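Novice: Sharing a sequence plus its predicted fold:
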Amino acid sequence: MLLRVRVTLPDRPGTLGQVARTLGVSGADIVQVVVLERLGGRAVDDFTVVWPGAARVERLLAGLAAIPGVKVDGVWRAIGAPTTTGQDAELLAQVAANPTDGVATLVDAVPGLLAADWAVAAVVPLDWASRTGGAGEATVGHASWRTPEPPRLPEVTPLRARSMTTADGDHYAVAPFGRAGLVLVVARDRSEPLAAAAFHSTEVDRLAQLVRASAVILGDRLDLVGAPPVTSVT
């Protein structure tokens, strides 16, 4: 199976090589490394690896923990292929080519891009900011494959791009479209024995950019998401 391994490590020569060797000795075949952050002498790296299904992940975690200064932020199952250059542009091209299904195309593709479990386009009441006692429950305009029924949605208001983690340990990233009370919610569910990492700020930025670009492409079509179907009267 495909795993995502997020590691915080000292940003100095040799440490990345130690992590890579440990992954290999543990049985992982590295297919991609993405640097999420380099700051203050520390780095945050995402490794996408092919992991033998019968092997115990505890062996991998123990090996990484033995490297001085290395901290494992999360290990979770990745859905889809590793991220490649140009995927975001290709997705936006698909949205533009078929705007009628543009929101559905975006929602269905985002979990694979962000190594998440599921995503929904949620709709909140347009007057959420003036409501007393909360914004009210969001409704679902479109849900991706693997979305639980009913979806476990976090409180998405106020509408701004951000990440959040619930008391149950589920991780979310949200990004508003800027109209129609529409917001994209992406989730990494808590699952034992693996534990996913929270969405990094670079992942939230990437999601927000995709949502903003899609909003420009789709325009008034966003007003139709989650609207009741029109019934013809004869």
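Specialist: On my side now, so go ahead. These figures come from a predicted structure and were not determined experimentally. Numbers count the residues shown, from 1 in each chain.

Novice: What is the neighbour count of the nearest residue to residue 225 once chain neighbours are set aside?
Specialist: Once flanking residues are discounted, residue 225 sits nearest to residue 141: 4.0 Å by C-beta to C-beta, 6 or more residues apart in numbering. Any C-beta I mention is one placed from the backbone N, CA and C, and that applies to glycine too. Residues within reach of residue 141, counting by other C-beta atoms under 10 Å, total 22.

Novice: ditto for residue 31
Specialist: Neighbours around residue 31, by other C-beta under 10 Å: 13.

Novice: Next, the residue nearest to residue 225: phi, psi?
Specialist: Backbone geometry at residue 141, expressed as degrees, to the nearest 10, gives phi -90, psi -40.

Novice: From the contact counts, what lies against whichever helix in the chain runs longest?
Specialist: Across the chain, the longest stretch assigned as helix under DSSP state H is helix 201-218. Applying 3 or more C-beta pairs under 8 Å, 6 or more residues apart in numbering; DSSP states H and E, we find helix 201-218 packed against strand 29-39, helix 87-97, helix 102-113, strand 162-165, strand 171-176, strand 182-188.

Novice: In JSON lines: those, plus distance to residue 76.
Specialist: Shown next, in JSON lines, are the helices and strands packed on helix 201-218 (distance: least, C-beta to C-beta, whole Å):
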{"stretch": "strand 29-39", "distance to residue 76": "15"}
{"stretch": "helix 87-97", "distance to residue 76": "20"}
{"stretch": "helix 102-113", "distance to residue 76": "12"}
{"stretch": "strand 162-165", "distance to residue 76": "13"}
{"stretch": "strand 171-176", "distance to residue 76": "9"}
{"stretch": "strand 182-188", "distance to residue 76": "6"}
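
Novice: now for these, which one comes closest to residue 200?
Specialist: Residue 200 sits nearest to strand 29-39 of all those, at 4.9 Å, using C-beta to C-beta.

Novice: Work out the sheet partners of the next helix or strand after that closest one and label each with its direction, please.
Specialist: Going down the chain from strand 29-39, the next helix or strand is strand 42-50, by DSSP states H and E. Paired strands of strand 42-50, with direction, are strand 2-10 (antiparallel), strand 29-39 (antiparallel) (DSSP bridges).

Novice: what's next to the last one, contact-wise?
Specialist: For strand 29-39, contacts defined as C-beta atoms under 8 Å, 6 or more residues apart in numbering pick out 2, 6, 11, 16, 20, 23-24, 43-51, 82-83, 200-203.

Novice: just for the protein, where's the confidence low?
Specialist: Applying pLDDT under 70 to the chain flags residues 54-55, 80-85, 127-136, 226-234.

Novice: try 50 this time
Specialist: The model of the chain has pLDDT under 50 over residues 132-135, 228-234.

Novice: Secondary structure class of the nearest residue to residue 150 once chain neighbours are set aside, three-state.
Specialist: Excluding the flanking residues, the one nearest residue 150 by C-beta to C-beta, 6+ apart is residue 140, at 8.0 Å. Of the three states, residue 140 takes strand under DSSP: H, G, I helix; E, B strand; the rest coil.

Novice: check contacts around residue 140.
Specialist: With C-beta under 8 Å, 6+ apart, residue 140 has these contacts: 120, 121, 122, 123, 150, 151, 153, 226.

Novice: now do 7 Å
Specialist: 120, 122, 151 (C-beta atoms under 7 Å, 6 or more residues apart in numbering).

Novice: That'll do, ta.
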